[in-house]
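K.L.:
next one to model:
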Amino acid sequence: QVQLGESGGGVVQAGGSLRLSCAASRRTLRNYAMGWFRQAPGKEREFVAAITWSGSTIYYADSVKGRFTISRDNAKNTVYLQMDTLKPEDTAAYYCAVDIHNGVQLRNPYAYDYWGQGTQVTVSS
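P.N.:
Coordinates of the predicted model:
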């Protein structure tokens, strides 16, 4: 079993930046694909970004491309989401997830096996 914990959320003004972190316990993340998703009140959980186990392939939702950057530090067993030029529509709870089967459909939330509890990001206008 993998336990994931997100941190780094908060309240920021539009145009600002935040960096989210996702750390794991009980198991190393270095061999697994990782993803970030978000969910706003009354909306479905949506894909934000994903990175393969090697870091060689990265995916982004069109809505965040060019503003968000996903990265991983396997030595620290941590995955990051750098969020720049934040917009009010980025307001949501952000979740990290791990795909221990290293599938290819990393935009699909059902591809993931374990999830963190989420961290809230609020962008004020």
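
K.L.:
tell me which element the residue sitting nearest the centre point of the chain falls in.
P.N.:
With distances taken as CA atoms, centre = their mean, the chain has residue 36 as the residue nearest its mean C-alpha position (2.2 Å). Remark: residue 36 resides in strand 33-39, with elements defined by DSSP states H and E.

K.L.:
please enumerate the helices of the protein.
P.N.:
In chain order, the chain shows no helices, with DSSP state H as the criterion.

K.L.:
got the contact list for the strand holding residue 36?
P.N.:
20, 22, 45-53, 70, 72, 79, 81, 90, 92-99, 102-103, 106, 109, 111-112, 118, 121 (CB atoms under 8 Å, 6 or more residues apart in numbering). Using the backbone N, CA and C atoms, a C-beta is placed for each residue, glycine as well.

K.L.:
mind running it again at 6 Å?
P.N.:
Around strand 33-39, the neighbours that count as contacts under CB atoms under 6 Å, 6 or more residues apart in numbering are 45-53, 79, 81, 92-99, 102, 106, 109.

K.L.:
quick check: chain neighbours aside, which residue is closest to the residue lying farthest from the centre of the chain?
P.N.:
In the chain, residue 125 marks the outermost C-alpha relative to the chain mean, sitting 22.7 Å out by CA atoms, centre = their mean. Once its chain neighbours are removed from consideration, residue 125 has its nearest residue in residue 88; the separation is 4.7 Å (CB to CB, 6 or more residues apart in numbering).

K.L.:
okay, now the residue nearest to residue 78 when sequence neighbours are not counted: neighbour count?
P.N.:
Residue nearest to residue 78 in three dimensions, not counting chain neighbours: residue 23, with 4.8 Å by CB to CB, 6+ apart. Counted with other CB atoms under 10 Å, the burial measure for residue 23 works out to 18 neighbours.

K.L.:
correct me, but residue 23 touches residue 80?
P.N.:
No: with contact defined as CB atoms under 6 Å, residue 23 and residue 80 do not form a contacting pair (10.0 Å).

K.L.:
picking up where we left off before, and the contacts of strand 33-39, which are buried?
P.N.:
Applying a neighbour-count criterion of 16 or more other CB atoms under 10 Å, the buried members of the contacts of strand 33-39 are 45, 47-53, 79, 81, 92-99, 106, 109.

K.L.:
fine, thanks again, bye for now.
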